[in-house]
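Student: Model the following, please.
(one chain, ligands or ions: 2)
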Amino acid sequence: MTPQLRRGADTPAPPVRLLHLGLGNFFRAHQAWYTAHAADAAGWGIAAFSGSSRRLADALTEQGGLYTLVVRAADGDHTEVIGNLVEAHPGDDHEALLRCWRLPDLAVVTLTVTEKGYCRDSGGRLDLANPDVRDDIAALRRDSAAPVRTAPARLLAGLLARAEAGLPGVTVLSCDNLPDNGVVAGLMVQELAGEVDPQLTALVRRTAFATSMVDRITPATTDDDLASVAATTGVRDLAPVVTEPFSEWVISGDFPAGRPDWESAGARLVESVEPFERRKLWLLNGAHSLLAYAGLLKGHQLVSEAVADPELVEAMTRWWDEAAQHLELPDVEIAHYRTSLQTRFANPRIRHLLSQIAADGSDKLPVRVLPTLRAERAAGRSGEGAARVVAAWLRYLRSDPPSLADSRRDAALAASTGPLDEAAASTLRLLDAELASDPELVALVARLAAD
Ligand SMILES: NC(=O)c1ccc[n+]([C@@H]2O[C@H](COP(=O)([O-])OP(=O)(O)OC[C@H]3O[C@@H](n4cnc5c(N)ncnc54)[C@H](O)[C@@H]3O)[C@@H](O)[C@H]2O)c1
Ligand SMILES: O=P(O)(O)OC[C@@H](O)[C@@H](O)[C@H](O)[C@H](O)CO
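Tutor: Ligands and ions are numbered 1, 2, ... in the order given. From the prediction side, this is the model:
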């Protein structure tokens, strides 16, 4: 029988000094990989918590936190076992969470809780209409150690637990796909603290929130992946992760309690993440959104299939040309990134589902596409490359997509119905009221959606 992956005497567990919220595939392919490849990896163990599900946490616990990372290139796989994850818990194990927050040597808390996990409203403030946010405020007012569900509340509860125990501060480092992610995390926790007890805001102000741009395409694991890992390694792993060879991490912020030597594994520490973040969110994630909506409408399922379609490549190239004009990086760096994206997207062995990327367009397009659209209109140009992404989303919404996942699902579906010119105006209004008051743009989106 195939033996199961287990931690043994040959894989000693490093001491936990890092805490992660959002135990999923990406964190294990990225932040945990950088930690395992840092020169001082032996000093940095990680305790990670899922949102609420048990399955992955239980599987990893059986394996002492070990898992196989499969780096999947177009011409073959490289596998390695990552040893720095030493505790895995379901997110609702609040007792374990507070215990980890109270570890005296804890230094950094990393986050991959998805864009939605920050609980922002459309104006960028803490969403006080969100019932989970309201429940968490009530719980923390009652008892600072009461179980809470949202990421901002889990951060605030942890900061309070540390402060009450007289322990030094830590850095909260966001690794989600949204601009200024550290600033956003800090703002949400600050606003939450203000709702629970205004005196708590001083504690949040003293906390370091760091921002980072993260990049490594990491799809969901399939049953075939489990079988191929067992066949290749001779060991049964209940929770392997498949990722691409490319990886990038650009970080900005203070780490008063220390951090792993992530630079020795290739991370970059910079003054400002913004230029890198824009390059990645606009060129990679913006193109992903375009390929997802336009590709699904043409019957494609995977990113690699969509980029084999000349019509979609033409649309992506026009989007890139337009977005690139507003990036503040040397042309050669942008050209290099575009070339590498073409190779990455075309990797036929990475099964990246367009349906996964298509979720949550109302949260994603404002970040990935609208900055370019606004800049183009302000420069007196049509913004056709960006408008085509909005038009693709509109057409996708009008196609009655099966099980559409979007935090503003009902509003998005309602906006997209009716005559195209009205639907174009309503859909733009849902994303940004000012853009909807631009009649030329509304007409352009309606025309592109009709094509
Ligand atoms: N997968 C990638 O290629 C990739 C690349 C770059 C960045 N990211 C970022 O990482 C995030 C997670 O991606 P993944 O591939 O690991 O997804 P995943 O589905 O494998 O894991 C997501 C984890 O986050 C938790 N989670 C979800 N919503 C939450 C919430 N509201 N509050 C707290 N925890 C929550 C889930 O329980 C799960 O543990 C993405 O949303 C994105 O921001 C992913
Ligand atoms: O759900 P999304 O679109 O935020 O994420 C899916 C992918 O587009 C995204 O995670 C990319 O793989 C990633 O951003 C690459 O670094």
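Student: Who's the closest spatial neighbour of whichever residue of the chain sits closest to ligand 1, skipping the chain neighbours?
Tutor: Sorted by distance to ligand 1 under C-beta to the nearest ligand atom, the residues of the chain start with Gly24, at 1.9 Å. For glycine as for every other residue, the C-beta is placed from the backbone atoms N, C-alpha and C. Spatial nearest neighbour of Gly24, excluding adjacent residues (C-beta to C-beta, 6 or more residues apart in numbering): Thr112 at 6.2 Å.
Student: what about the one you found, neighbour count?
Tutor: By other C-beta atoms under 10 Å, 24 other residues sit near Thr112.
Student: Surely it touches Asp176?
Tutor: Yes - counting by C-beta atoms under 8 Å, Asp176 is a contact partner of Thr112 at 5.8 Å.
Student: Touching both of these two, which residues are there?
Tutor: 22, 214 (C-beta atoms under 8 Å, 6 or more residues apart in numbering).
Student: helix/strand/coil for the most centrally placed residue in the chain?
Tutor: Geometric centre of the chain, nearest residue: Asp176, 3.4 Å, by C-alpha atoms, centre = their mean. At Asp176 the chain is in coil, as set by DSSP: H, G, I helix; E, B strand; the rest coil.
Student: May I have the residues that are in contact with it?
Tutor: Shown in contact with Asp176 (C-beta under 8 Å, 6+ apart): 22, 111-115, 117-118, 214.
Student: could you redo the last one with a cut-off of 6 Å?
Tutor: Thr112 (C-beta atoms under 6 Å, 6 or more residues apart in numbering).
Student: next one: the one 5 residues further on
Tutor: Contacts were defined as C-beta under 6 Å, 6+ apart; by that measure Asn181 touches 174, 211.
Student: Can you tell me how far it is from ligand 2?
Tutor: Distance, Asn181 to ligand 2, by C-beta to the nearest ligand atom, to the nearest Å: 12 Å.
Student: What separation do you get for that residue and Asp432?
Tutor: 21 Å (C-beta to C-beta, to the nearest Å).
Student: do the host helix or strand of Val389 and ligand 2 meet?
Tutor: Val389 belongs to helix 384-398 when elements are defined using DSSP states H and E. No - Helix 384-398 does not reach ligand 2 (C-beta under 6 Å from any ligand atom); its nearest approach is 12.7 Å.
Student: okay, the closest residue to Leu281 other than its chain neighbours: pLDDT?
Tutor: Spatially, and ignoring its direct neighbours in sequence, Leu281 is nearest to Arg368 (5.4 Å; C-beta to C-beta, 6+ apart). Arg368 carries a pLDDT score of 95 in this model.
Student: Could you count how many residues lie near Arg368?
Tutor: So Arg368, with other C-beta under 10 Å, has 29 neighbours.
Student: do Ile82 as well
Tutor: 20.
Student: Glu263 now?
Tutor: When counting by other C-beta under 10 Å, one arrives at 15 neighbours for Glu263.
Student: Kindly report the same for the one 3 residues further on.
Tutor: Counted by other C-beta under 10 Å, the residues lying close to Gly266 total 13.
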